[in-house]
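1. I would like the atomic coordinates for the input below:
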Amino acid sequence: FCHGGGGGAQLCPLKKRMLIWKRLLAIFVAAVSSTECLAATPATPVLQDLGAIVKDPAACVRDPTQVLFVGDRWHFWATRNPACTDRHSFPRATVDHYFSTSADITGPWNTSGVAVGFGSVGTWDAWSVFTPGAIYDPNAASGKGLWYLWYGAVANGGRPTRESIGLATASSPFGPWTRSPHNPVFLGNATEWCGAGASARVDEAEAYVVNERKFVLVKGVCQNFTALPSVWESVAGPDTFDPPYATVVGAAPIVSAAATPVHKGFEQARIFPGPDGLLHLTGHNHGANTASHFVSFSGDIRAKGWHE
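-> Prediction:
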């Protein structure tokens, strides 16, 4: 509580309460970081740089998905760009599959080649596919399991163009992959919060399961390059990843551009539940080499009220 001007106690503003908690946390950390505690710290670091797990002399490999361990192997998918040029110049990239040859995440690693290639001539994904997102749902397809692979794509390599997101599914990480009949499942003009005629693209989708709810976090980008994350789930309900989708938290993104330091929103946004029972959202500021961290005080993906 804070003392009001009249001498009475009032609930402190949110910003001041957060500052008090941060100071209390700092005191607690200092208290437990005694010589005895530090002596019990493992000699090896928690995080280790494993180096490049994929080396492709004929192409640049970027934008990897989360690494998934299913069965006895690790899997991920990534953009493979033979021209090694900036993705925003729209080279003819594909989404390729990479896997470990053992249960060891350090490898060795191999590739089964293209998972999702160019679409048919004249279609929305005819020119290039990139920035994949992947997840395995063991309960899909009548309990037999299904792999979901979202990918960004463009119809041509020139500008202006519009990036949209499609979905492909397979019963095996090695394919074959089947494009969804609902493609593109997220349209470049679906970023209505950018303003009339100001939307530019959607090009990243990451799937999550939080509190038994399945949802997809989608990055939309406005023409002024503001990148904003929004949450979508299947219209069939929160127990499937199948399209079509609808926004979970209204029509607006869960974090506005005004809430970020450089007013450019988030790139590579990620959501994860913390040991505090709350949901956390992290991402780096679009156009700046800094990162932001937001917390949902409710711990519910459907609720508004994310705070930095």
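
2. look through this protein and tell me its longest strand.
-> As assigned by DSSP state E, the longest strand anywhere in the chain is strand 199-210.

3. and that one, what's buried?
-> Across strand 199-210, burial judged by 16 or more other CB atoms under 10 Å covers Ser199, Ala200, Arg201, Val202, Asp203, Glu204, Ala205, Glu206, Ala207, Tyr208. For every residue, glycine as well, the C-beta is placed using N, CA and C.

4. does Gln66 lie in a helix or a strand, and which?
-> Element membership for Gln66 (DSSP states H and E) is empty, with no helix or strand holding it.

5. that one is in contact with Ala134, isn't it?
-> Yes - the criterion here is CB atoms under 8 Å, and Gln66 meets it with Ala134 at 6.8 Å.

6. give the intersection of the neighbour lists for those two.
-> Residues touching both Gln66 and Ala134 by CB atoms under 8 Å, 6 or more residues apart in numbering: Phe76.

7. higher neighbour count, these two?
-> Neighbour comparison, Gln66 and Ala134: the larger count goes to Ala134, with 26 against 14 (by other CB atoms under 10 Å).

8. now do the contacts for that one.
-> Taking CB under 8 Å, 6+ apart, one finds Thr65, Gln66, Leu68, His75, Phe76, Trp77, Trp147, Tyr148, Leu149, Trp150, Ala207 in contact with Ala134.

9. is it fair to say it lies in a strand?
-> Yes - counting by DSSP: H, G, I helix; E, B strand; the rest coil, Ala134 falls inside a strand.

10. state the mean pLDDT of stretch 279-292.
-> Per-residue pLDDT over stretch 279-292 has a mean of 73.

11. output it as PDB, restricted to C-alpha atoms.
-> What follows is stretch 279-292, C-alpha atoms only, in PDB (Å, rounded to 0.1, in the frame of the first residue of the first chain):
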ATOM      1  CA  LEU A 279       2.100 -16.700 -19.000                       C
ATOM      2  CA  HIS A 280       5.100 -14.900 -20.300                       C
ATOM      3  CA  LEU A 281       5.700 -13.300 -23.700                       C
ATOM      4  CA  THR A 282       9.100 -12.500 -25.000                       C
ATOM      5  CA  GLY A 283      10.400 -11.100 -28.200                       C
ATOM      6  CA  HIS A 284      12.900  -8.700 -29.600                       C
ATOM      7  CA  ASN A 285      11.900  -5.200 -30.700                       C
ATOM      8  CA  HIS A 286      11.300  -4.800 -34.400                       C
ATOM      9  CA  GLY A 287      14.000  -2.400 -35.600                       C
ATOM     10  CA  ALA A 288      16.100  -2.400 -32.400                       C
ATOM     11  CA  ASN A 289      18.600  -4.800 -30.900                       C
ATOM     12  CA  THR A 290      16.800  -5.000 -27.600                       C
ATOM     13  CA  ALA A 291      14.300  -7.500 -26.200                       C
ATOM     14  CA  SER A 292      11.100  -7.100 -24.100                       C
END
